[in-house]
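Q: kindly generate the corresponding structure for this input.
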Amino acid sequence: MRNFLTLWARELAACFLSPVAYVLMVVFLAVTSATFVLEVVQNPVVDQPLTVSLCEAIVVWLTILVTVVCMRLFAEEKRSGTLETLMTVPVTETQIVLGKYAGALSFLLLVTFPVVLTLLLLVVVSPVLQLSDIDGGALLSGGLILVMVSSLLVAVGLLVSLLTRNQIIAAICCFCAVWCVLLFGWIVTLISGGGITATYVTVTDHIRDFSRGIVDTRPLVLYVAGSALSLFAAVRVLESRRWR
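A: Predicted coordinates:
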């Protein structure tokens, strides 16, 4: 456990030591908040809770954030040769993968959380909206599904970063993989010609339902299983390096 916590702290500190991290935080907050506010202002008569618009705005830009955060997790370590040094210390591959995963996910959530304040700010400055218009339960369930989606996307991004030493290639592949996860249900429906309804694996439907306060345990199981499978694959890939 001590090794895991040390690697977690190391990875989280590495994220905040770079000035790029702070620029990324400001840009993500600005573009996500602007997307949310524009959606509300341009469609004031849409019968849709504010939490739905907020979660949809977050998940759109989350794809960029996950790509930037995950592309360097292992690709940079492999390029600079520090991964070999890390694997010589008394830590297991599982601890390395979980430590980096926890650090990246923690940073992602810390960057995402302040966007929720935009919702409160909009209520304060709006002459029409009231604090009672915000459903606290829907906001909490929307936050839950965003955490679960983020956990899966970071796990996928970590696995992609482990497969290459070039950050540019890692970024491109990670971005494509993230969008494939988000659009997986739509892709299945398209391939089947509408013969298969893939609601159970459609991320956008999950986000829309949870941000309305409709909680279903099946998507939660799906995201936990998907994250665990991606991390398991990452551990096996990392273990295979010892035999090369």
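Q: just give me the residue closest to the centre of the chain.
A: The chain has Ser150 as the residue nearest its centroid, 2.6 Å off, counting by CA atoms, centre = their mean.
Q: which non-adjacent residue is nearest it?
A: In space, and not counting its chain neighbours, Ser150 is closest to Leu108: 5.4 Å by CB to CB, 6 or more residues apart in numbering. The C-beta positions use only the backbone N, C-alpha and C, and glycine is treated the same way.
Q: could you do Gly185 as well?
A: Thr202 (2.8 Å).
Q: so that neighbour sits against Trp186, correct?
A: Yes: the pair Thr202 / Trp186 is scored as a contact, 6.7 Å apart, by CB atoms under 8 Å.
Q: for these two, indicate the residue with more neighbours.
A: Thr202 (21 against 15; other CB atoms under 10 Å).
Q: quick one: residues contacting the more buried one.
A: Neighbour list for Thr202: 184-186 [criterion: CB atoms under 8 Å, 6 or more residues apart in numbering].
Q: so how far is Phe16 from it?
A: Noted for Thr202: a distance of 34 Å to Phe16, by CB to CB, to the nearest Å.
Q: how about Arg165?
A: From Arg165 to Phe16 the distance is 24 Å (CB to CB).
Q: repeat that for Tyr200.
A: According to CB to CB, Tyr200 and Phe16 sit 37 Å apart.
Q: and what about Leu73, helix, strand or coil?
A: Following DSSP: H, G, I helix; E, B strand; the rest coil, the label given to Leu73 is coil.
Q: how many residues are close by the residue nearest to it when sequence neighbours are not counted?
A: Nearest residue to Leu73 in three dimensions, chain neighbours excluded: Ser161, at 4.5 Å (CB to CB, 6+ apart). Neighbour count for Ser161, taken as other CB under 10 Å: 29.
Q: tell me which element the residue nearest to the centre of the chain falls in.
A: helix 136-162 (DSSP states H and E).
Q: that older thread, assess the claim that the residue nearest to Leu73 and Val68 are in contact.
A: No: counting by CB under 8 Å, Ser161 stays clear of Val68, with 11.4 Å between them.
Q: for the residue nearest to Ser150, grab the count of nearby residues.
A: 25.
Q: you'd agree it is up against Leu65?
A: Yes: here Leu108 lies in contact with Leu65, judged by CB under 8 Å, at a distance of 6.3 Å.
Q: which residues of this protein score low on pLDDT?
A: 43-47, 80-88, 126-133, 189, 192-199, 241-244 (pLDDT under 70).
Q: how does it look with 90?
A: Low-confidence segments of the chain (pLDDT under 90): 1-100, 103-104, 107-143, 157-222, 234-244.
Q: show me the helices in it, by range?
A: When assigned using DSSP state H, the helices of the chain occupy the ranges 2-17, 19-42, 50-70, 75-80, 82-88, 93-112, 116-125, 136-162, 167-182, 184-191, 203-210, 217-240.
Q: what helices and strands are in contact with the shortest one?
A: Helix 75-80 is packed against helix 167-182, with contacts defined by 3 or more CB pairs under 8 Å, 6 or more residues apart in numbering; DSSP states H and E.
Q: only the buried residues of the helix it packs on, if you could.
A: 167, 170-171, 173-175, 177-178, 181-182 (16 or more other CB atoms under 10 Å).
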